[in-house]
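# Following is a predicted model, sequence given first.
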Amino acid sequence: MNAPESRQEKALKIAANATSYKVCEGCDSIVGIRTVLCPNCHSFRFDESPLRVITQAKLLGVREQSSVTASDLL
């Protein structure tokens, strides 16, 4: 069984493919580019700038998770 991917590893993958993601302007979560409503805060405003995605991915990759996600509720 493979070890779970670290936040830093996920952040690097997101940063390397920034055009496939966007940042929620409500809660700063990174979501897929096709997302219409943020699954965490239900906002519908996003920043699709690759620079913003990369900056946010780097920030989230070095800090501990502070938000509750759907997978936390299973």
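Sure, I can see it. Numbering: from 1, shown residues only.
# CA atoms for contacts and neighbours, from now on please.
Noted.
# can you tell me which residues contact the residue positioned nearest the centre of the chain?
By C-alpha atoms, centre = their mean, the mean C-alpha position of the chain lies nearest to Ile30, the distance being 2.3 Å. Going by C-alpha atoms under 8 Å, 6 or more residues apart in numbering, Ile30 touches 21-24, 53, 56-57.
# now, the most widely separated pair of those?
Across the contacts of Ile30, no pair lies farther apart than Cys24 and Ala57, at 12.1 Å, counting by C-alpha to C-alpha.
# what bridges to the residue nearest to Ser29 when sequence neighbours are not counted?
Distance criterion C-alpha to C-alpha, 6 or more residues apart in numbering; nearest residue to Ser29, sequence neighbours excluded, is Val23 at 5.7 Å. Under the criterion DSSP bridges, Val23 forms beta bridges with Ile30, Asp47.
# mind checking which helix or strand Val53 is in?
Val53 is located in helix 50-61, with elements delineated by DSSP states H and E.
# For this protein, name the helix or strand with the lowest mean pLDDT.
Lowest by mean pLDDT, DSSP states H and E among the helices and strands of the chain is helix 7-16, with a mean of 92.
# Can you list the helices and strands that that one packs against?
Under the contact definition 3 or more C-alpha pairs under 8 Å, 6 or more residues apart in numbering; DSSP states H and E, helix 7-16 sits against helix 50-61.
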